[in-house]
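In: Here is my input; please provide its structure:
(one chain, ligands or ions: 1)
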Amino acid sequence: MPENNVGTVIIGGGIGGVALAYYLAELGEADILVVEARELASGCTGGSMGGVRQQFSTSNEVELALRGRTFWRSFQETFDYPCTYHQEGYLMLTGRQEILDKLTAAAEVQKAGGAPNVEIVPADELRRIAPWLSPEGLLGGCWTPEDGRVNPTDGVYGLAAAARKLGVKFLQHTRVAKIEKAKGGWTLHTPEPITARRVIVAGGLGSPDLMRPFGLDLPITPMMVHYAFTTPVIQDEPLPMTIDLDTGFCVEREQDAAVVTILESSSDDSYGVDDMLAEFAEAAAVRAPVFTEVGIRSTISAAADATGGDGHPFIGEVEPGLWTMTGFDGHGTMQGPAIAKFTANLIAGIPDPVLDPVLFDPHRPLGETQEWLRAARK
Ligand SMILES: Cc1cc2nc3c(=O)[nH]c(=O)nc-3n(C[C@H](O)[C@H](O)[C@H](O)COP(=O)(O)OP(=O)(O)OC[C@H]3O[C@@H](n4cnc5c(N)ncnc54)[C@H](O)[C@@H]3O)c2cc1C
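Out: Here you go, the predicted structure:
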């Protein structure tokens, strides 16, 4: 049982909070406690499809994406913990000229950001990358072969193991009901109250409730994503993460089978996994008929952390000793560890060579996102 008077408490045991604990400890910070309402990786992180891509359209997102990809590619070596980086690539498709033009412009941003391995592929060459694909109605796509996917839960456990070695403690099954100012720090309302000199809120969808009393109205809301695991399919051909931006059709490899979904499906509360599967079947009949023949082994419905305004996370000190690092807009698996490292450095006063903390100021005006490749279906 950890002591009830600690140096730094991080609220939230997802990819963000656990990576932050690790990076702070790595910088020499002692006396860190991660407090998690349920279990590590039980929030958005546990539901994630684990996609890791360079395909963004603004330089800041590309920067975070590349840092994130480097993190996951080197994870096993760095942490000596099993968490395979499945480098199967990302293929974004469209039949609309304006979207192809935007993909082409985004590819230039990626190259300028240091990711030259990106190719705009005309429709008649797409089968070179995905032989099972029907290019009917497509103009082309954008192919990034170094992208891939991971199991983020393995990542959280690997990071937690590394953090524990550096002295970080974890308190699970403990919900923080409220954060209150106390003499010399903060009191966390938990069954046995905890006091801390510094508190960092990394609670994903739970962050807005914790930060509202401090005048922050964080626009982080649940976005339901439904996906399904199929029976074995396409075993002898490449199966990259393939997204048809016109319909939301999305497939990725899962061992000898696939994960299938419709991205950015309806936000209507009544829309469920059966609706997604019906929409997927319709899209697959055109794009990849082989998927109309698969069976469904299991399904998952989970809420991602849609982030409003400019879509950037909220990182910074809201009151002396009270920080937030939250709101990853549905791409926290790939970007979360990089954002956590940025935050640890910010707390330690180490300037970032590229990213200006003003971008992430929790009190900034909300604005609108410049990143059109947020998720899919444009
Ligand atoms: C279906 C789905 C697919 C996704 N696919 C991808 C993908 O392909 N690629 C990608 O990069 N990202 C993806 N994401 C998004 C990604 O999973 C999230 O952006 C990321 O996991 C957020 O991490 P986090 O640590 O901020 O939040 P979380 O993982 O939600 O962690 C926050 C933790 O805080 C805890 N908590 C909250 N409130 C409190 C409280 N009051 N007291 C104590 N603990 C509290 C919660 O229990 C939770 O465990 C997907 C998400 C979903 C749901």
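
In: only C-alpha atoms for contact and neighbour calcs from this point on.
Out: Fine.

In: Pull the contacting residues for the residue nearest the centre of the chain.
Out: Nearest residue to the geometric centre of the chain (C-alpha atoms, centre = their mean): residue 332, 2.1 Å. In this structure, residue 332 makes contact with 15, 16, 45, judged by C-alpha atoms under 8 Å, 6 or more residues apart in numbering.

In: With the ligand as the reference, measure out to the second one.
Out: Distance, residue 16 to the ligand, using C-alpha to the nearest ligand atom, to the nearest Å: 4 Å.

In: List buried members of the contacts of residue 332 by neighbour count.
Out: 15, 16, 45 (16 or more other C-alpha atoms under 10 Å).

In: For the one helix or strand residue 324 maps to, name the packing helices and strands.
Out: Element membership of residue 324 [criterion: DSSP states H and E] is strand 322-326. The contact analysis (3 or more C-alpha pairs under 8 Å, 6 or more residues apart in numbering; DSSP states H and E) places strand 322-326 against strand 194-201, strand 314-319.

In: That one pairs with which strands, parallel or anti?
Out: strand 194-201 (parallel), strand 314-319 (antiparallel) (DSSP bridges).

In: okay, now residue 185: neighbour count?
Out: 19 (other C-alpha atoms under 10 Å).

In: Let me see the contact set for it.
Out: Contact partners of residue 185, counting by C-alpha under 8 Å, 6+ apart, are 195, 196, 197, 198, 321.

In: who touches the second one in this structure?
Out: I take that to be residue 196. So residue 196 contacts 5, 6, 7, 8, 9, 185, 186, 187, 188 (C-alpha under 8 Å, 6+ apart).

In: just to revisit the earlier point, and the strands paired with strand 322-326 as TSV, adding mean pLDDT and distance to residue 358?
Out: Shown next, in TSV, are the strands paired with strand 322-326 (pLDDT from 0 to 100; distance: least, C-alpha to C-alpha, whole Å):
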stretch	mean pLDDT	distance to residue 358
strand 194-201	98	18
strand 314-319	98	9
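
In: Dump those strands into CSV; add distance to residue 175 as well.
Out: What follows is the strands paired with strand 322-326, written out as CSV (distance: least, C-alpha to C-alpha, whole Å):
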stretch, distance to residue 175
strand 194-201, 11
strand 314-319, 21
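
In: sorry, back to before: which element follows the strand holding residue 324 toward the C-terminus?
Out: helix 332-348.

In: mind checking the SS state of residue 135?
Out: Put simply, residue 135 is coil when judged by DSSP: H, G, I helix; E, B strand; the rest coil.

In: OK, contacts around it?
Out: 123, 124, 126, 127, 287.

In: got the angle for the strand holding residue 324 vs helix 332-348?
Out: 160 degrees (axes from the mean of the first three to the mean of the last three C-alpha atoms, to 10 degrees).

In: which residues are contacting strand 322-326?
Out: 16, 198-204, 207, 313-318, 340, 343, 362.

In: Now do the contacts for the closest residue to residue 312 other than its chain neighbours.
Out: Leaving aside its chain neighbours, residue 312 sits nearest to residue 360 (6.2 Å; criterion: C-alpha to C-alpha, 6 or more residues apart in numbering). For residue 360, the contact set (C-alpha under 8 Å, 6+ apart) comprises 312, 313, 314, 315, 316.

In: so how far is residue 342 from residue 360?
Out: 11 Å (C-alpha to C-alpha, to the nearest Å).

In: on that earlier part again, just among the contacts of residue 135, which is most surrounded?
Out: For these, neighbours tallied by other C-alpha under 10 Å; top is residue 126, 23 neighbours.

In: Pull up the per-residue confidence for that one.
Out: On the pLDDT scale, residue 126 is placed at 98.

In: Check residue 2 too.
Out: Value listed for residue 2 in the pLDDT field: 47.

In: got it, and residue 268?
Out: 81.

In: What helix or strand is it located in?
Out: Going by DSSP H and E, residue 268 is not in any helix or strand.

In: Let me see the backbone angles for it.
Out: Per-residue torsions, residue 268: phi -60, psi 130 (degrees, to the nearest 10).

In: Pull the number of nearby residues for the nearest residue to residue 117 once chain neighbours are set aside.
Out: Nearest residue to residue 117, sequence neighbours excluded (C-alpha to C-alpha, 6+ apart): residue 144, at 6.2 Å. Neighbours of residue 144 under the rule other C-alpha under 10 Å: 24.

In: just checking, residue 144 touches residue 115?
Out: No. Judged on C-alpha atoms under 8 Å, residue 144 makes no contact with residue 115 at a distance of 9.1 Å.

In: can you list the residues of the stretch 201-350 of the chain near the ligand?
Out: 202-207, 225, 302-305, 326, 328-334 (C-alpha under 6 Å from any ligand atom).

In: Kindly export stretch 344-359 (C-alpha atoms) in PDB.
Out: Provided in PDB are the C-alpha atoms of stretch 344-359 (Å, rounded to 0.1, in the frame of the first residue of the first chain):
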ATOM      1  CA  ALA A 344       7.800  15.200 -18.500                       C
ATOM      2  CA  ASN A 345      10.400  17.500 -20.200                       C
ATOM      3  CA  LEU A 346       8.100  20.500 -19.800                       C
ATOM      4  CA  ILE A 347       7.600  19.700 -16.100                       C
ATOM      5  CA  ALA A 348      11.400  19.400 -15.700                       C
ATOM      6  CA  GLY A 349      12.000  22.700 -17.600                       C
ATOM      7  CA  ILE A 350      13.600  21.000 -20.600                       C
ATOM      8  CA  PRO A 351      12.700  22.900 -23.800                       C
ATOM      9  CA  ASP A 352      11.400  20.900 -26.800                       C
ATOM     10  CA  PRO A 353      13.500  21.500 -30.000                       C
ATOM     11  CA  VAL A 354      10.400  21.500 -32.200                       C
ATOM     12  CA  LEU A 355       7.000  21.700 -30.400                       C
ATOM     13  CA  ASP A 356       5.900  25.000 -28.700                       C
ATOM     14  CA  PRO A 357       4.000  24.300 -25.400                       C
ATOM     15  CA  VAL A 358       1.700  27.200 -26.300                       C
ATOM     16  CA  LEU A 359       0.100  24.700 -28.800                       C
END
